[in-house]
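Could you look at this predicted model? Sequence included:
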Amino acid sequence: MKQQEQETVPFSGYQKFVIFAMAITQFTVILDFMVMSPLGDILMKSMDMKPSQFGIAVSAYAFSAGISGLLTAGFADRFDRKKLLLFFYTGFILGTILCGVVNTYPLLVAARIITGLFGGVIGSISLAIIADLFSIQQRGRAMGFIQMGFGASQVLGIPIGLGLANIWGWHAPFLWVAAMALIVAAMIVVKLQPLTKHIAVQQDKSALKHLFHTVAKKEYRIGFAATALLSIGGFMMMPFGSAFAINNLKITQHQLPFTFMVAGLSTLLIMPVIGKLSDKIDKFRIFTFASLWMIIIVLIYTTLSASPLWLVMVMNVCMMAGVMSRMVPSTALVTGIPELSDRGAFMSINSSLQQIAGGIAAAFAGTIVVQKDKFSPLEHYNTLGYIVIGITLIAAVFLYRVDRMVKAKRNLA
């Protein structure tokens, strides 16, 4: 069995295309969400927002995405996954265009809600597609490449988005994301094959019953809890990252894109390596090492004051390495829990809880972080760091249980 775990199963040509398609789809969706963080300082100053208001603007997307995922979970295994992906991706594009044309805080929040209703489901559909087409021995590498969308958004997307915002205003990045997403949608229409095998094995006649049966399974609930905790730990510090860098670490608005670019470039190099190691060594062992690394970096980073640019860049690289190196093995493990007949519903619920937990984290962080005026340092950012460390340790316990379940399932197969 051990030897089987260490065998490398190669990808087919079509599998390579699916990885690329899902990665570029994730790139646009993640960029739409991620760009809110580096635009935070611009938005807070241009719209005269308080940290709590900005936290709401960020969490609006997450909450609506979570609600949307729960509402669609019962239907997720009843349709061709390609058609489902295109439906929600089209809605996401329209929502992103709205974000690029609104001019007031209430309308911005409304636009983020609409974008979240559609965009929040796309990740779960993509993961269901990957789980359908890739064996557990391939998923670490597949997830490593797909999670590169996160790094690519930092390397290319966020710096370009910030550059566009500095030249044409904060609306420009959203319109740019929408234009890219239209091209990706056309590629999916032409190239991606229908995925319908899961429809034939459905046992529940009603969507509500299917949703209930999915939630009722204990092993699924353990996976949901692990995902929610990981999301809280990952999202809590993120929304105020740019404001902390500018107001506390004293880097400039024009240096900020380079900081994100360097951190993102590091993830493009790290993710494929972590994916291969996850398939070759042990997913939970990789996750544990990454969690310990992240804890150390969070302790250091959140207590920094004014620092030279090179140090800020190094710390951001180290932070991203820890965060992303947890995501690859944990996502690969969680996708090993559901049966084929429940996979779409499981992924939708899992994505919903991830989004809702992230929204709660962002909103909660907004109540902890304090800024006396637009240009003063953020206070209590280190408190967020201590909370993240505690949640990280609890998440590790739940993912250990997931790891035991997945290995037991493979031994029975």
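Yep, that arrived. Numbers count the residues shown, from 1 in each chain.

Can you pull the poorly scored residue ranges out of the chain?
Within the chain, the stretches with pLDDT under 70 are 1-9, 37-38, 73-74, 76, 149-151, 153-158, 200-207, 210, 412-413.

which helices and strands sit right next to the longest helix anywhere in it?
Secondary structure of the chain per DSSP state H: the longest helix is helix 381-412. Counting contacts by 3 or more Cβ pairs under 8 Å, 6 or more residues apart in numbering; DSSP states H and E, helix 381-412 is packed against helix 218-235, helix 283-301, helix 309-334, helix 343-368. Quick note: C-beta positions are derived from backbone N, CA and C, even for glycine.

Deepest-packed of these, please.
Among the helices and strands packed on helix 381-412, helix 343-368 has the highest mean neighbour count (mean count of other Cβ atoms under 10 Å), at a mean of 25.

Next, the angle helix 218-235 makes with that one.
Between helix 343-368 and helix 218-235, the angle comes out at 40 degrees (axes from the mean of the first three to the mean of the last three Cα atoms, to 10 degrees).

can you give me the offset of helix 343-368 from its chain's centre?
The chain centre lies 10 Å from the centre of helix 343-368; the measure is Cα atoms, centre = their mean, to the nearest Å.

what helices or strands is that helix leaning on?
Checking 3+ Cβ pairs under 8 Å, 6+ apart, helix 343-368 ends up next to helix 51-73, helix 105-133, helix 207-216, helix 218-235, helix 381-412.

buried stuff in the first one?
So the one you mean is helix 51-73. Neighbour counts using 16 or more other Cβ atoms under 10 Å place 51, 53-70, 72-73 of helix 51-73 among the buried residues.

For T302, which residues are in contact?
Neighbour list for T302: M237, Y381, N382, L384, G385 [criterion: Cβ atoms under 8 Å, 6 or more residues apart in numbering].

Check F235 too.
Neighbouring residues of F235 by Cβ under 8 Å, 6+ apart: A62, A357, G358, G359, A361, A362.

Phi, psi for V370 please.
phi -130, psi 140 (degrees, to the nearest 10).

Excluding chain neighbours, what is closest to it?
Leaving aside its sequence neighbours, V370 sits nearest to E379 (Cβ to Cβ, 6 or more residues apart in numbering; 4.4 Å).

surely that neighbour meets Q371?
Yes. Counting by Cβ atoms under 8 Å, Q371 is a contact partner of E379 at 7.1 Å.

Those two: who's more crowded?
Q371 (19 against 14; other Cβ atoms under 10 Å).

pretty sure that one contacts L378?
Yes. With contact defined as Cβ under 8 Å, Q371 reaches L378; the gap is 5.4 Å.

Next, show the common contact partners of these two.
Common contacts of Q371 and L378 (Cβ under 8 Å, 6+ apart): P51, A243, N247.

want to throw those into CSV with distance to V317?
As requested, those are exported to CSV (distance: Cβ to Cβ, whole Å):
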residue, distance to V317
P51, 26
A243, 20
N247, 21
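
Looking at those, which one is closest to S135?
Compare each of the shared contacts of Q371 and L378 with S135 using Cβ to Cβ and the shortest gap goes to A243, at 43.2 Å.

What about the closest one, how many residues nearby?
24.

who's in contact with it?
A243 neighbours (Cβ under 8 Å, 6+ apart): G40, D41, M44, P51, Q371, L378.

Among those, pick out the one closest to K191, please.
Looking at those and their distance to K191, the nearest is G40, at 36.1 Å (Cβ to Cβ).

who touches the closest one in this structure?
F54, P239, F240, G241, S242, A243.

from memory the second one sits against F33, does it?
What that stands for is P239. No. If you go by Cβ under 8 Å, P239 and F33 don't touch, sitting 10.3 Å apart.

What residues does the nearest residue to K217 once chain neighbours are set aside make contact with?
Spatial nearest neighbour of K217, excluding adjacent residues (Cβ to Cβ, 6+ apart): D342 at 7.7 Å. Contacts for D342 were tallied using Cβ under 8 Å, 6+ apart; they are D77, H210, H213, T214, K217, Y220.

before we move on, back to that, and the helices and strands packed on helix 343-368: which comes nearest F284?
Taking Cβ to Cβ, helix 381-412 is the member of those nearest to F284, at 3.9 Å.

now that closest one, how far from the chain's geometric center?
From the chain centre to the centre of helix 381-412 is a distance of 17 Å (Cα atoms, centre = their mean).

Please identify the buried residues of that helix?
Here helix 381-412 shows 381, 384-385, 387-389, 391-392, 395-396, 398-399, 402-403, 405-407 as buried, counting by 16+ other Cβ under 10 Å.

do stretch 181-195 as well
For stretch 181-195, burial by neighbour count (16+ other Cβ under 10 Å) applies to A181, V184, A185, I188, L192, L195.

Let me know the closest of the contacts of A243 to S352.
Nearest to S352 among the contacts of A243: G40, at 24.7 Å, using Cβ to Cβ.

Relative to A111, how far out is the closest one?
16 Å (Cβ to Cβ, to the nearest Å).

likewise I368?
The spacing between I368 and A111, counted by Cβ to Cβ, is 26 Å.

Which secondary structure elements does the helix or strand containing K82 sit against?
Secondary structure from DSSP states H and E places K82 in helix 81-99. Judged by 3+ Cβ pairs under 8 Å, 6+ apart, the packing partners of helix 81-99 are helix 13-34, helix 105-133, helix 172-191.

To L309, which of the ones you listed lies closest?
Ranking the helices and strands packed on helix 81-99 by proximity to L309 (Cβ to Cβ) places helix 13-34 first, at 20.9 Å.

Would you mark the buried spots in the closest one?
Neighbour-count burial for helix 13-34 flags 15, 18-19, 21-34 (criterion: 16+ other Cβ under 10 Å).

Fine by me, thanks again.
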